[in-house]
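1. would you be able to build a 3D model of this:
(chains A, B and C)
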Amino acid sequence: MSDRWAVAATDGGGALLVPLGRDGRPSGDVRAEPDLVAAVGSRPEVGRWVWRSTAEIYPRLLGAGVRVERCYDIEDAESLLLGHEGRHGEPRSAAAAWARLHDRPVPPDPPQRAAEPGSQSSLFEPQPVPVPFEDLLEVYADQQRRHEAAEHPDRMRLLTAAESAGMLVAAEMNGTGLPWRADVHRAVLDELLGERYAGGGDPRRMAELTDEISAAFGRRVRPELPADVIRAFAQAGIKVKSTRRWELAEVDHPAVEPLIAYKKLYRIHTAHGWGWLQDWVRGGRFRPQYLPGGTITGRWVTNGGGALQIPKVIRRAVIADDGWRLVVADADQMEPRVLAAISRDPGLMEVAGQPGDLYKAVSDRAFAGDRDMAKLAVLGAVYGQTSGDGLKNLAALRRRFPRAVAYVDDAARAGEEMRLVRTWLGRTCPPAVGSGDDGEAGIPQDDDRPSAAVREGEFTPGYASTNARARGRFTRNFVVQGSAADWALLMMAALRQSLKAAGLRAELVFFQHDEVIVHCPAEEARTVAEAIRAAGDLAGRIAFGETPVRFPFTTAVVECYADAK
DNA sequence: AGTCCTCACCGG
DNA sequence: AACTCCGGTGAGGACT
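-> Prediction:
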């Protein structure tokens, strides 16, 4: 009996299946069965299902009430392995992987489809490039070999397994949905924005603010158009470079206050207003389409719905069902803790192994008890702050925590020199490639055009180019944020397993970088909170091995999300 | 009509 | 005091 099976869907709802041996190759005959759901559902003893794409197959199983224990997503693994091998741009489909194995022409990946609001299908799935089952099995076996060639094979196996688990979590959360009270949301909108007029246009409160702004300028101004606002200020004799809130706040003019108020409402109106509610909330649930590993650092994104940017005021609409609760858990200072674990800086590990406020402990050691300064210094080190007080604080940080600062400095230098940079588990940041517009989004490129800073005369001769330094900031942050995403992925996988093993009715309903929400009957809340704490600990041990660093959570048991903080 | 870009905000 | 790192979102406007 094998505990690992490969499966592929066939036309008409059927399936091809085969047990796999330890070497990743089939250990029995391929069998064809007429019903995919029955084929998987009748084999609960299978420990891990190997398939081309979770997005393709798992929503169908979930729809029929079949959950699986673990899986291995071949195309997701292909993407991670290609990255690790420094081949980020190559097509990641299983068909492409097979073609590369056989020196055949490699088919390009299809473009991704746009999100369909409220869709029950979990992950947005590009049109698959068809691949025969035998070819798929060959690709899988070869991927096992490629794991062995990784810089740290054990970590690389952990990474692909964890992200596959993330795919399961994402699909299941999409099926479950985040409890969302449309009536409460509408009440919030009415209260903040005012009623809508039958004829369309801005709601009442926004229209009133537009009138106030126009009165202050003495002419009609459209506050949602930055160019119009800048013009209006210029006519009033005030030069502003932009209409960003922090810049306007410095200006002494009667239009400033209503302008800032308008911006806040405009944002809610356009991004989380009545239209959003109409599009994204069905049957009391909000179903964002999560995509694990959707960013270069491994953080998740959602495709539509803006689930990772829900404004605080709108969180009032997230309310548990009757008799149920939301367990909202936030990892405490995840980034400096992760930096301690990956750099093995003795001082920072000691600080991150103590209970209590990490920034306070850092400030006691290096900043004479000034917590704000300590926090700024730590974040500056992680974000690559290059000016102001940050530099002075960074020097103090370097004296007390030399290995931690050296770790991010090394990552920055590697980025500037176009070398590959990896997270702890082996997710790899691409070096900037090419010179046109075909590079990875977010990676500063070297190109022939001078950057804005260069044109403005800020270029520093004798030092790395502006773009190289931008890459350095990127990779400096990448090793910390990405390793934090590694940890979070393992934490979610562990939590999913333990909730299931405990036989609870609790369900994971939300995940946002360092925060998780579980929806559960009130009487399960204490057990769930403990499960979250244990999952964080376990993830720390699995990811980083023996380390004194702890990963505690701040946990709240609430009926309404807005009450969690 | 569709695509791409900028702006400014939201969240971590 | 300044707006550093990672993203998504819509509106408006310039362009093809």
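
2. residue contacts, A:D35?
-> Residues near A:D35 by Cβ atoms under 8 Å, 6 or more residues apart in numbering: A:13-15. Using the backbone N, CA and C atoms, a C-beta is placed for each residue, glycine as well.

3. could you point out the longest helix of chain A?
-> helix A:466-501 (DSSP state H).

4. can you pull the buried residues of it?
-> Buried residues in helix A:466-501, counted by 16 or more other Cβ atoms under 10 Å: A:466-499.

5. try stretch A:284-295
-> Counting neighbours by 16+ other Cβ under 10 Å, stretch A:284-295 gives A:285-294 as buried.

6. what about stretch A:509-517 and DNA strand C, touching?
-> No: using Cβ under 7 Å from any atom of the strand, stretch A:509-517 stays clear of DNA strand C, coming no nearer than 7.9 Å.

7. about what we covered before: restricting to the buried residues of helix A:466-501, which residues neighbour DNA strand C?
-> Answer for the buried residues of helix A:466-501 near DNA strand C (Cβ under 7 Å from any atom of the strand): A:470, A:473-474, A:477-478, A:481.

8. in the stretch 151-300 of chain A, which residue sits closest to DNA strand C?
-> Residue of the stretch 151-300 of chain A nearest DNA strand C, by Cβ to the nearest atom of the strand: A:W246 (2.4 Å).

9. next, that residue: phi, psi?
-> phi -70, psi -30 (degrees, to the nearest 10).

10. for it, the count of nearby residues, please.
-> 8 (other Cβ atoms under 10 Å).

11. could you do the one 10 residues further on as well?
-> The burial metric for A:V256, expressed as a neighbour count using other Cβ under 10 Å, is 19.

12. and what of A:Q278?
-> Neighbour count for A:Q278, taken as other Cβ under 10 Å: 12.

13. local confidence estimate at it?
-> For A:Q278, the pLDDT comes out at 88.

14. for it, give me phi and psi.
-> phi -60, psi -40.

15. and A:V129, what does it touch?
-> Here A:V129 is in contact with A:93-96, A:107, A:109-110 (criterion: Cβ under 8 Å, 6+ apart).

16. tell me which residues in stretch A:190-201 are buried?
-> A:192-194, A:196.

17. cool, stretch A:531-548 as well?
-> For stretch A:531-548, by 16+ other Cβ under 10 Å, it's A:531-533, A:535-540, A:542-544, A:547.

18. what about these, which are in helices?
-> Here DSSP H is the test, and the buried residues of stretch A:531-548 give A:531-533, A:535-540, A:542-544 as lying in helices.

19. show me which of these is closest to A:T270.
-> A:I532 (34.2 Å; Cβ to Cβ).

20. might one say that the closest one is in contact with A:R496?
-> No: using Cβ atoms under 8 Å as the test, A:I532 is too far from A:R496 to be in contact (11.3 Å).

21. and the closest residue to A:W274 other than its chain neighbours, what does it touch?
-> Among residues not flanking A:W274 along the chain, A:L189 sits closest, at 6.4 Å (Cβ to Cβ, 6 or more residues apart in numbering). Residues near A:L189 by Cβ under 8 Å, 6+ apart: A:203, A:268-269, A:273-274, A:277.

22. who's in contact with A:R496?
-> A:R496 neighbours (Cβ under 8 Å, 6+ apart): A:165, A:168-169, A:172, A:508.

23. now, the residues you listed that are in strands?
-> A:L508 (DSSP state E).

24. out of the contacts of A:R496, what pair is the most spread apart?
-> Maximum pairwise distance among these (Cβ to Cβ): 11.7 Å, between A:A165 and A:L508.

25. give me the domain ranges for chain A.
-> A:4-176, A:183-277, A:291-333+A:485-564, A:336-482 (automatic domain parsing).

26. does DNA strand B sit close to the second one?
-> Yes: interface with DNA strand B: domain A:183-277 contributes A:226, A:242-246, A:248, A:260, A:263-264, A:267, A:271 (Cβ under 7 Å from any atom of the strand).

27. and the pLDDT for the residue sitting furthest away from the middle of chain A?
-> Within chain A, the residue lying farthest from the chain centre (Cα atoms, centre = their mean) is A:G218, at 45.5 Å. Per-residue pLDDT puts A:G218 at 92.

28. and it, backbone torsions?
-> For A:G218, the backbone dihedrals (degrees, to the nearest 10) come out as phi 80, psi 20.
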